[in-house]
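**Q** Structure here, sequence nowhere to be found:
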């Protein structure tokens, strides 16, 4: 074998290993990536604009949208999270992405994928989950019109990072 062939084969194997490591680190299943809003990897078409469902007053960009047997599946990656079960807020964020895909494509995804640092969750997008996210959206829209809104948590760090901390009468920070 010529040195050029050996060099090209070595380069090809090294590239494959690197690609497999990147894919494993992201937690994205081995499936075609339709769209990508993640900061690293840049595989698939970059999402320049968010998905929009005007009827629900909702917009957003999942980290990835993959194609699983012709269905668009949202993938949300939380690399700094370590938990045995998904947080409700992350579950509802993923449900919102499922709703956005349903509204923009006309087809509801059967599930979404939530990736934490060490574990992935395949969360079903059922009629119950859809109803739950719609109820939350309704509540959020009502609160946008409210004069006063009560703090909805007891997390000091969350308060410290809020843009309204300097004006909030209920701030914990």
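**A** Nice, thanks for sending it over. Since the model is a prediction, treat every value here as computed from it, not as a measurement. Numbering: from 1, shown residues only.
**Q** secondary structure class for residue 147?
**A** Reduced to three states with DSSP: H, G, I helix; E, B strand; the rest coil, the structure at residue 147 is coil.
**Q** what number of residues lie near it?
**A** Each residue near residue 147 was counted by other Cβ atoms under 10 Å, and the total is 4. Every C-beta, even on glycine, is put in place using the N, C-alpha and C of the backbone.
**Q** again with residue 158
**A** By other Cβ under 10 Å, neighbour count at residue 158 equals 14.
**Q** Does residue 114 belong to a helix, a strand or coil?
**A** When classified by three-state DSSP, residue 114 comes out as strand.
**Q** Assign the spatially closest residue to it that is not a sequence neighbour to helix, strand or coil.
**A** Counting by Cβ to Cβ, 6 or more residues apart in numbering, the nearest residue to residue 114 once its immediate chain neighbours are dropped is residue 121, at 4.5 Å. Using three-state DSSP, the secondary structure recorded for residue 121 is strand.
**Q** just residue 172 next, same as before
**A** coil.
**Q** separation between it and residue 163?
**A** In this structure, residue 172 and residue 163 are 15 Å apart, going by Cβ to Cβ, to the nearest Å.
**Q** for stretch 121-135, what is the average pLDDT?
**A** Stretch 121-135 shows an average pLDDT of 97 in the prediction.
**Q** So for it, what gets flagged as buried?
**A** If you call a residue buried by 16 or more other Cβ atoms under 10 Å, then stretch 121-135 has these buried ones: 121, 123, 125, 129, 133.
**Q** And the residue nearest to residue 114, how far from residue 83?
**A** According to Cβ to Cβ, residue 121 and residue 83 sit 9 Å apart.
**Q** still on that earlier bit, pick out whichever of residue 172 and residue 163 has more residues nearby.
**A** The neighbour count for residue 172 versus residue 163, taken as other Cβ under 10 Å, is higher for residue 172 (15 against 7).
**Q** Tell me which residues are up against the longest strand along the chain.
**A** The residue-count maximum for a strand in the chain (DSSP state E) belongs to strand 71-78. Where contact means Cβ atoms under 8 Å, 6 or more residues apart in numbering, the residues beyond strand 71-78 that reach it are 26-29, 31, 34, 38, 62-67, 90, 93-94, 97-98, 100-101, 105, 107, 109-117.
**Q** can you pull the contacts of the residue nearest to residue 114?
**A** The neighbourhood of residue 121, defined by Cβ under 8 Å, 6+ apart, consists of 86, 113-115.
**Q** Now pLDDT too, for those, in CSV please.
**A** Below are the contacts of residue 121 laid out as CSV (pLDDT from 0 to 100):
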residue, pLDDT
86, 97
113, 95
114, 95
115, 92
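**Q** Alright, I will stop here.
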